[in-house]
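Undergrad: I would like the atomic coordinates for the input below:
(one chain, ligands or ions: 1)
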Amino acid sequence: MPPDRTTPLVRRCYADDTERIWEIINRAAIAYRGVIPADRWHEPYMTRAMLQHEIHDGVEFWGIDRLDELAGIMGTQDKSDVALIRHAYVHPKSQHRGIGTILLQYIATVTANPILVGTWAAATWAISFYERNGYRRVPISQQTSLLTRYWSIPRRQVETSVVLANQRWFDRCE
Ligand SMILES: CC(C)(COP(=O)(O)OP(=O)(O)OC[C@H]1O[C@@H](n2cnc3c(N)ncnc32)[C@H](O)[C@@H]1OP(=O)(O)O)[C@@H](O)C(=O)NCCC(=O)NCCS
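TA: Numbers count the residues shown, from 1 in each chain. I've put the predicted structure just below:
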């Protein structure tokens, strides 16, 4: 796919973006079908009510527009001593153009805290995406305690997820 000619700008997403965010999440999440544990897959992957709950729970979305519409989104959630990346999705029509990378780099500028991200252990492409961008998996011995401390996710998701962190987190742990 040819690269876009200009570097896209990251912007905050607001209430009138919510429907498009929901659409992007569910279109991109198709990648999980048949990959993540079958008992965790449902369609739509995220309901509108779940998305609203996440926003009310403090998830702030950042986005990039392409061809005059929102094409990729990443959520951040402040947890006092760390920031979480929540819900990172690029519409399938706009993937592999650097949108996810730009969002990830931008998010590191909006917080001074270490950044943690949790993803499905089976989503190897997502793990590689974060690793290519400087994130590393936290030691397995710390994973469950981090997932239960900072995330509100079902037990089964804790068991089938991994946590990656940026360098700031490893610096703090040293
Ligand atoms: C993971 C995800 C967010 C990455 O977003 P993205 O915008 O596709 O990511 P990027 O384009 O920045 O990088 C992905 C690939 O595109 C390549 N790329 C980046 N810019 C490019 C460009 N201008 N032209 C061509 N390829 C490019 C990158 O090198 C990388 O290639 P690789 O995978 O072969 O190494 C997206 O693929 C997605 O939504 N996946 C499904 C849902 C998911 O897994 N989300 C993660 C939840 S934690």
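
Undergrad: ok, and the closest non-adjacent residue to the residue nearest the centre of the chain?
TA: The structure's the chain has its C-alpha centroid closest to residue 88; by CA atoms, centre = their mean the separation is 2.8 Å. Leaving out its chain neighbours, the residue that sits closest to residue 88 by CB to CB, 6 or more residues apart in numbering is residue 74, at 4.6 Å. For the C-beta atoms, the positions are set from N, CA and C on the backbone; glycine is no exception.

Undergrad: For that neighbour, which residues are in contact?
TA: Neighbour list for residue 74: 61, 62, 63, 85, 87, 88, 89, 100, 103, 104, 107 [criterion: CB atoms under 8 Å, 6 or more residues apart in numbering].

Undergrad: please redo it, this time with the cut-off set to 6 Å
TA: 62, 88, 103, 107 (CB atoms under 6 Å, 6 or more residues apart in numbering).

Undergrad: go on, residue 75?
TA: So residue 75 contacts 59, 61, 86, 87 (CB under 6 Å, 6+ apart).

Undergrad: so which of these comes closest to the ligand?
TA: Ranked by distance to the ligand (CB to the nearest ligand atom), the contacts of residue 75 are led by residue 87 at 7.2 Å.
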